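Asker: I would like to see how this sequence folds:
(chains A and B)
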Protein chains: 2
Amino acid sequence: MAQLEAQDLAQAVIDRMADCKEPRFKEVMSALVRHAHAFVSEVKLTPEEWVTAIQFLTDTGKMCDEKRQEFILLSDTLGVSMLVVAIDQAKAAAKHRPKPGEKPPTEATVLGPFFWPGAPELELGADIGAGHPGTPAYYRGRVTDTAGKPVANCTLDVWSGDGEGFYDMQKGPDAGMQLRARFRTDKEGNYSFWSIRPSYYPVPDDGPVGKMLHRMGRHPNRPGHMHTMLEAPGYEKLVTHLFVSDSPYIESDAVFGVRDSLIVDFQSHAAGKAPDGRMMNTPYHTCSYDFVLVPKA
Amino acid sequence: MAQLEAQDLAQAVIDRMADCKEPRFKEVMSALVRHAHAFVSEVKLTPEEWVTAIQFLTDTGKMCDEKRQEFILLSDTLGVSMLVVAIDQAKAAAKHRPKPGEKPPTEATVLGPFFWPGAPELELGADIGAGHPGTPAYYRGRVTDTAGKPVANCTLDVWSGDGEGFYDMQKGPDAGMQLRARFRTDKEGNYSFWSIRPSYYPVPDDGPVGKMLHRMGRHPNRPGHMHTMLEAPGYEKLVTHLFVSDSPYIESDAVFGVRDSLIVDFQSHAAGKAPDGRMMNTPYHTCSYDFVLVPKA
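Answerer: Numbering: from 1, shown residues only, chains lettered A, B, ... in the order given. Next comes the predicted model:
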């Protein structure tokens, strides 16, 4: 009997995995098949809509290159990336039993499509924003664990768009790395660097995902944020942002990444002596934020 | 309050479509978001698995070109294409109230990734298999509606791989159309043409979908079949196959497309005079099949 009715198709696909040797892969693919079939059945997807979906996925793939990841953008704008982040952080938190009085770990958010591995490692206090549009901002704070113990030698990868909302990756094929660096915390877990105060910006919306957002009636904007990625031996890796509190779109981030605990008031200062002793000829901001890492179980 | 917890994310994405002006698009995308989030939550998809999924989708997009549609292959091998077909045919059938004694309409199956629009229109009885590997086969039958009325001037698009299982599209960039044609039924709804008896074959398995099938522990094969697409004014379009009854994999089609009513016994004949008067120097087959179309509501 080769005949399969609509309601039996998902199970038939799953049954065909009887010889699968990877239990987790089988579990994930079985769930994917069940949910995909449930979706198609629920909306009674038409052949014409199916063709549109195939074309959309194909166009999305074609849009991807070394500096553009349209599928990440799709996942981000459908809230899937943030869901994966939230599940992962809940899993790490569940492994770590906090003692009374411990600090809550810094919340994670999306990696986004603009991470570029291998940024230059710079001295603490270095300026990665000089020469780029935007108001200068001095970032400083401490990295500790949940017990308050300083995390020394923690790698802090930072990246952002410029003060007009453009990342280096969006500035043409010849643009090298800009507004990116890696720093290492000192013995007391301190970090500091100069960059600009990031602006809100639209996610790249000239591709298939942009068209999708438009049809959804959605704006493509993200509130201004500084990306950070923290890695230190013995601690859970942390990928997060610092959000500019008074940035437009802070209430409607196109990728659903905002966490209240990551919103920072960027203090405004007139020209003059900055906290690190630097003499500023122009107004500038300071952003103070302490990160809290979870020890690995 | 920008904060969204994992279980509220799907609804937040849906709420963001408040200004969507296309109700059906909103309905489909809302369901997609709900099911995608339910899938990710159920399996607790890890960040590493998410990266693998992004890479898989990107690779699948990169594999697509004019003659290779890897996303259709993905949809086919996950049973999604056949589900869309089944839902669509059920919808058309529900609109048509059959009278007592009417014939059941011919069942539909998948279009597959090898349809190439614009095949040459040939006279009934023409041979599109000459010069290609495979045993000659004579196809003949009638197209009627459910009431038994002949459907004259019905376009019958036919295509298949050769007797070794290869489609023209797989034979390199310079291979033109082979083993494809369009015929028109005569006044009595009759059709006839010569081709070869199609062989079973693997779906293209040198790409991301092939790797997926391998990891699933699945074979990539489809039983031998002749693709047909029937179009006539006033009738629902029909996309289907005729399956070779004694073909390997008839019980485990890699794309779940087999319907019992589409399985045909290809009769074997010794060299000699064929039903259309043609003198055959070699053994050949005949395939007799009558198609039944549903009048448009």
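Asker: now do the helices in chain A.
Answerer: Here chain A has its helices, by DSSP state H, at A:9-15, A:23-43, A:47-63, A:70-77, A:80-95, A:208-216.
Asker: isn't residue A:115 right up against residue A:241?
Answerer: No - counting by CB atoms under 8 Å, residue A:115 does not reach residue A:241; the two are 11.7 Å apart. All C-beta spots, glycine's among them, are computed from the backbone N, C-alpha and C.
Asker: of these two, who's got more company?
Answerer: Per other CB atoms under 10 Å in any protein chain shown, whichever of residue A:115 and residue A:241 has more neighbours is residue A:241, with 27 against 16.
Asker: could you report the neighbour count for the nearest residue to the more buried one once chain neighbours are set aside?
Answerer: For residue A:241, ignoring the flanking residues on the chain, the nearest one in space by CB to CB, 6 or more residues apart in numbering or on different chains is residue A:225 at 3.9 Å. Using other CB under 10 Å, the number of residues around residue A:225 comes to 27.
Asker: now do the contacts for residue A:225.
Answerer: Counting by CB atoms under 8 Å, 6 or more residues apart in numbering or on different chains, residue A:225 touches A:160, A:198, A:241, A:242, A:243, A:244, A:247, A:257, A:262.
Asker: what would the residues you listed look like in a markdown table with pLDDT?
Answerer: Converted to a markdown table, the contacts of residue A:225 look like this (pLDDT from 0 to 100):
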| residue | pLDDT |
| --- | --- |
| A:160 | 97 |
| A:198 | 96 |
| A:241 | 97 |
| A:242 | 98 |
| A:243 | 98 |
| A:244 | 97 |
| A:247 | 96 |
| A:257 | 95 |
| A:262 | 97 |
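Asker: show me which of those is closest to chain B.
Answerer: When the contacts of residue A:225 are compared for distance to chain B (CB to the nearest CB), residue A:243 wins out at 8.1 Å.
Asker: for the closest one, name its beta-bridge partners.
Answerer: For residue A:243, the beta-bridge partners are residue A:225, residue A:263 (DSSP bridges).
Asker: hmm, residue A:250 and it touching each other?
Answerer: Yes - using CB under 8 Å, residue A:243 is in contact with residue A:250, at 6.3 Å.
Asker: that older thread, which residues are in contact with both of residue A:115 and residue A:241?
Answerer: Common contact partners of residue A:115 and residue A:241 (CB under 8 Å, 6+ apart): residue A:227.
Asker: just give me the longest strand of chain A.
Answerer: The strand that spans the most residues within chain A, counting by DSSP state E, is strand A:136-145.
Asker: from the chain's centre, how far out does that one sit?
Answerer: For strand A:136-145, the gap between its own C-alpha mean and the chain's C-alpha mean amounts to 18 Å (CA atoms, centre = their mean, to the nearest Å).
Asker: pLDDT on it, on average?
Answerer: Mean pLDDT, strand A:136-145: 98.
Asker: alpha carbons only: can I get it in CSV?
Answerer: Taking Å, rounded to 0.1, in the frame of the first residue of the first chain, the C-alpha atoms of strand A:136-145 are listed here in CSV:
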residue,chain,number,x,y,z
PRO,A,136,32.0,60.1,20.7
ALA,A,137,31.1,57.8,23.6
TYR,A,138,33.2,56.3,26.4
TYR,A,139,32.2,52.8,27.4
ARG,A,140,33.4,51.5,30.7
GLY,A,141,32.5,49.0,33.4
ARG,A,142,33.4,45.7,35.0
VAL,A,143,32.9,42.1,34.3
THR,A,144,32.2,39.9,37.3
ASP,A,145,30.7,36.5,37.9
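Asker: which strands and helices sit next to that strand?
Answerer: strand A:190-196, strand A:284-288, strand A:291-293 (3 or more CB pairs under 8 Å, 6 or more residues apart in numbering or on different chains; DSSP states H and E).
Asker: the last one: which residues count as buried?
Answerer: Applying a neighbour-count criterion of 16 or more other CB atoms under 10 Å in any protein chain shown, one finds A:291, A:292, A:293 buried in strand A:291-293.
Asker: turn the residues you listed into CSV, columns for pLDDT and distance to chain B.
Answerer: Putting these into CSV (pLDDT from 0 to 100; distance: CB to the nearest CB, whole Å) gives the following:
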residue, pLDDT, distance to chain B
A:291, 98, 18
A:292, 97, 17
A:293, 95, 16
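Asker: not counting the helix or strand of chain A with the lowest mean pLDDT itself, show me its contacts.
Answerer: Across the helices and strands of chain A, mean pLDDT, DSSP states H and E gives its lowest value to helix A:80-95, namely a mean of 90. For helix A:80-95, contacts defined as CB under 8 Å, 6+ apart pick out A:72, A:75-76, A:105, A:107-111, A:236, A:239, A:255-257, A:294, A:297, B:4-6, B:9-10, B:36-37, B:40-41, B:44-47, B:50.
Asker: residue of the stretch 151-297 of chain A with the smallest distance to chain B?
Answerer: residue A:217 (3.2 Å).
Asker: spatially nearest residue to that residue, not counting backbone neighbours?
Answerer: Once flanking residues are discounted, residue A:217 sits nearest to residue B:19: 3.2 Å by CB to CB, 6+ apart.
Asker: before we move on, what about residue A:158?
Answerer: Spatial nearest neighbour of residue A:158, excluding adjacent residues (CB to CB, 6+ apart): residue A:228 at 5.4 Å.
Asker: count of neighbours near the one you found?
Answerer: Look at residue A:228: counted by other CB under 10 Å, it has 23 neighbours.
Asker: give me the nearest residue to residue A:159, chain neighbours excluded.
Answerer: Closest residue to residue A:159 apart from its sequence neighbours, by CB to CB, 6+ apart: residue A:180 at 4.2 Å.
Asker: tell me how far the one you found lies from residue B:212.
Answerer: Counting by CB to CB, to the nearest Å, the gap from residue A:180 to residue B:212 is 35 Å.
Asker: the two - which one has more neighbours?
Answerer: Set residue A:180 next to residue B:212 and count neighbours by other CB under 10 Å: residue A:180 wins out with 24 against 19.
Asker: my read is that residue A:228 contacts residue A:240, right?
Answerer: Yes - contact criterion CB under 8 Å: residue A:228 and residue A:240 qualify, at 5.6 Å.
Asker: shared neighbours, those two?
Answerer: Common contacts of residue A:228 and residue A:240 (CB under 8 Å, 6+ apart): residue A:291.
Asker: brilliant, that's me finished.
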